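Trainee: this is a predicted model, with the sequence first.
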Amino acid sequence: MTRRGLLWTGVAAAMLVIVELMPVHESHGHHWWHLLPGFDLLYGFVGCVAIILISKAIGAAWLERTETYYEDPPE
Amino acid sequence: MTALHPTLVLVATAIAVGVTRGLARQIVMVAGAVSALAAAAALGPDASWAHTVGGQSLELLRVDSLSSLFGLIFSLITVVGVIYALQVKRASEQIATLVYAAGSLGVVFAGDWLTAFVFWEVMGIASLAVIWHGGTPRTRAAGFRYLFVHIAGGSLFFAGVLLHVAETGDLALVPLTGSGSASAGSWLILLGVAVNAAIPPLHAWLTDAYPEASVTGTVFLSAYTTKTAVYVLIRAFPGSEVLVWAGVAMALYGVVYAVLENDIRRLLGYHIVSQVGYMVAGVGMGTALSLNGSAAHAFCHILYKALLLMGAGAVIQATGRRKLTELGGIWRQMRVVVVLYLVGALSISGMPLFNGFISKSMIVTAAADDGRPLVELFLTLASIGTFLHTGLKLPYFMFFGPRREVPVRPVPRNMTVAMAIGAACCFALGVLPTWLYARLPFQAVDYNPYTVDHVVTALQLLLGTGVGFWVLVTKLGSSPTISLDTDWLYRRPFAFVWGVAVTGASRGGASIQVATRQAVAALGPVAANPVLLLTRLGGRASAPARYEANAYRLPIGVTVFCVIAGFVLLVLAVW
């Protein structure tokens, strides 16, 4: 990502967390993580990384085959 | 009987398509689809078509808020799809799609299980015809697998209906849950519906067959079958606890496979599985908010998923390529398609101002309200995966990304128009959610998606996902592979059993025939002249091919001698 893109992302993230800390924001969370400022930002990032890494690992270990797998005769 | 059944309108349109051609056919199709939409919108709660057949009362048309909502969206998407498919020349494909749409409306407005089952099967057959119009050998094979799975699913459904009627004597399509212990009949119906709802491990027919249909066919396929199943689930199985976790598993299952998938329409197919997971989980929770959420999400999903598949179809139409590893760098040549696709992508990702946001958040909020924190977190995780794939990965590698020399043909104008209508609907619903909320079936909705909290958390989630995507974008590139799914079970082991039981048996039969023929060929000459055997054994080869009695007849003197000798011996013996 370019330096400028990084800057804007940082600004947007900071603003979103600040809004959560402002009194206009009325959290109606049921659990502790709903009250944590920036939780969804973190969850989005961690979740995204986890989805990519875990899925790729599962794929490499068990699922991925060559494109002609079903056309080729079984070994 | 004054109300007009939308199914009837579409069937009439299908017949008219068969007898017209060219521009007239295009006008007939659009007019027919719009009339069906008008008919569905005009249905009031007092409209009813009931018949008594063989002592059973069948309700062909039952209108309430739930069937109205699904009838409206099915007929709306038919209009969009028909416009998208205007350039298709083959009448048979157009007829198949119209009958398919008519079947889905038939299920939605059915008031009894038998009527629902009949239209259920009409849908199955018509959708198979739609798939087969893909026209490649792969389509043919995938279609047969689709047929195989849906025959099994339909049989389960029908067996369940028969058992249910035998137990209760009641055909009416009403909730099967909530009446104490679930009966065997209702379990079988649930299983049959689960096949069509594509609940893993019964889902592989979808991702196997949908991407093999024509670019226009896939758009129709994405709308009706799974969402009709969701309709039946909402109608008959609200609050079935098993569906909560089945839905969560679905939502995440599709996400994992979407990471690995290289085929653009199959990737979107896995996201149908994922999105229907939300609806199934909503049905399972069974609260008013979650059921309304499932209905609303089905409504919105049909619109944005059709839009996404129309975008992918436009790319395939323009480039002739369908794999991410073969696409990229074409956004300059198809800017309009890119923008319209991105509207669909933002919608499915739950971006505020687009329709996915107003419906998906209902189900997630319902999970939180219902005291199911894990369900809420997992569904949110699936939502991250959705934005990652359809919002970031697919457009990045399809339109932007590494630039490949891909020749781009212009996309037919009607395809762009259909996409624009779809995009407009996605945006309009996102901005005016009250229009949809007023039509939801279960008690008045006291839900406002546009609170600061909802909007901020949604934006945070999307931003966090976006950062994760940028960090790992190099790892995310697809590889030219396929991923094994549960269809492996009937494509490999079953293929082996089939090989032994059918191919093996037929080969065995053939070799027995060959052996018989050889035996006949070998024995034929001997049968024609048995003496041949003797002459061969004796080493003489001069016998004629056919038996001639005279050739072996003894001289008459020998006969006379034998007779006399026999007589003499007899006389001597007696004497």
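Mentor: Looks like it arrived, so ask away. Residues are numbered from 1 along each chain as shown, chains lettered A, B, ... in the order given.

Trainee: lowest average confidence, helix or strand, in chain A?
Mentor: Lowest by mean pLDDT, DSSP states H and E among the helices and strands of chain A is helix A:32-35, with a mean of 79.

Trainee: show me which residues of it are buried.
Mentor: For helix A:32-35, the neighbour count (16 or more other C-beta atoms under 10 Å in any protein chain shown) marks A:His34 as buried. Just so you know, the C-beta spots here come from the backbone N, C-alpha and C atoms, and that holds for glycine as well.

Trainee: same for that helix, what does it pack against?
Mentor: With contacts defined as 3 or more C-beta pairs under 8 Å, 6 or more residues apart in numbering or on different chains; DSSP states H and E, helix A:32-35 has no helix or strand neighbours.

Trainee: chain center to it: distance?
Mentor: Taking the mean of its C-alpha atoms, helix A:32-35 sits 18 Å from the chain's own mean (C-alpha atoms, centre = their mean, to the nearest Å).

Trainee: what of stretch B:522-533?
Mentor: In terms of C-alpha atoms, centre = their mean, the centre of stretch B:522-533 is set 62 Å apart from its chain centre.

Trainee: equivalent analysis for stretch A:8-16, please.
Mentor: Distance, stretch centre to chain centre, for stretch A:8-16: 16 Å (C-alpha atoms, centre = their mean).

Trainee: buried residues in that stretch?
Mentor: Buried residues in stretch A:8-16, counting neighbours by 16+ other C-beta under 10 Å, are found at A:Ala13, A:Leu16.

Trainee: pLDDT on it, on average?
Mentor: Mean per-residue pLDDT for stretch A:8-16: 89.

Trainee: next, count neighbours for residue 20.
Mentor: Picked chain A for this. Neighbour count for A:Glu20, taken as other C-beta atoms under 10 Å in any protein chain shown: 21.

Trainee: I was after chain B.
Mentor: By other C-beta under 10 Å, neighbour count at B:Thr20 equals 15.

Trainee: what sits against the residue nearest to it when sequence neighbours are not counted?
Mentor: Nearest residue to B:Thr20, sequence neighbours excluded (C-beta to C-beta, 6 or more residues apart in numbering or on different chains): B:Val28, at 5.3 Å. By C-beta atoms under 8 Å, 6 or more residues apart in numbering or on different chains, B:Val28 lies in contact with B:Thr13, B:Ala16, B:Val17, B:Thr20.

Trainee: is there a quick ChimeraX command that grabs whichever of these are buried?
Mentor: The ChimeraX command for the buried members of those (criterion: 16+ other C-beta under 10 Å) is given here:
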select /B:13,16,17
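
Trainee: how much space between B:Val568 and B:Pro555?
Mentor: 20 Å (C-beta to C-beta, to the nearest Å).

Trainee: wait, a helix at the residue nearest to B:Thr20?
Mentor: Yes. Counting by DSSP: H, G, I helix; E, B strand; the rest coil, B:Val28 is part of a helix.

Trainee: mind checking pLDDT for it?
Mentor: B:Val28 carries a pLDDT value of 96.

Trainee: tell me the centre residue of chain B?
Mentor: For chain B, the residue nearest the mean C-alpha position is B:Leu206 (4.8 Å; C-alpha atoms, centre = their mean).

Trainee: assign the residue of the stretch 401-550 of chain B found nearest chain A to helix, strand or coil.
Mentor: Distance from chain A to each residue of the stretch 401-550 of chain B (C-beta to the nearest C-beta) is smallest for B:Gly464, at 2.4 Å. Using three-state DSSP, the structure places B:Gly464 in helix.

Trainee: again with the one 4 residues further on
Mentor: Secondary structure, three-state DSSP: B:Gly468 is helix.

Trainee: residues in contact with the residue of the stretch 401-550 of chain B closest to chain A?
Mentor: For B:Gly464, the contact set (C-beta under 8 Å, 6+ apart) comprises A:Asp40, A:Leu41, A:Leu42, A:Tyr43, A:Gly44, A:Phe45, A:Val46, A:Gly47, A:Cys48, B:Ile384.

Trainee: check the gap between it and B:Val471 for me.
Mentor: Here the criterion is C-beta to C-beta. By it, B:Gly464 lies 11 Å from B:Val471.

Trainee: again, but for B:Leu570
Mentor: In terms of C-beta to C-beta, B:Leu570 sits 119 Å off from B:Val471.

Trainee: so for the two, which residue has more residues nearby?
Mentor: Legend: neighbour count by other C-beta under 10 Å for B:Leu570 and B:Val471, higher for B:Val471 (15 against 10).

Trainee: distance of that one from B:Leu461?
Mentor: From B:Val471 across to B:Leu461, the span is 16 Å (C-beta to C-beta).

Trainee: centroid-nearest residue for chain A?
Mentor: Centre-nearest of chain A using C-alpha atoms, centre = their mean is A:Cys48, 2.6 Å out.

Trainee: hang on, it packs against B:His389?
Mentor: No. A:Cys48 is not in contact with B:His389 according to C-beta atoms under 8 Å; the separation is 10.4 Å.
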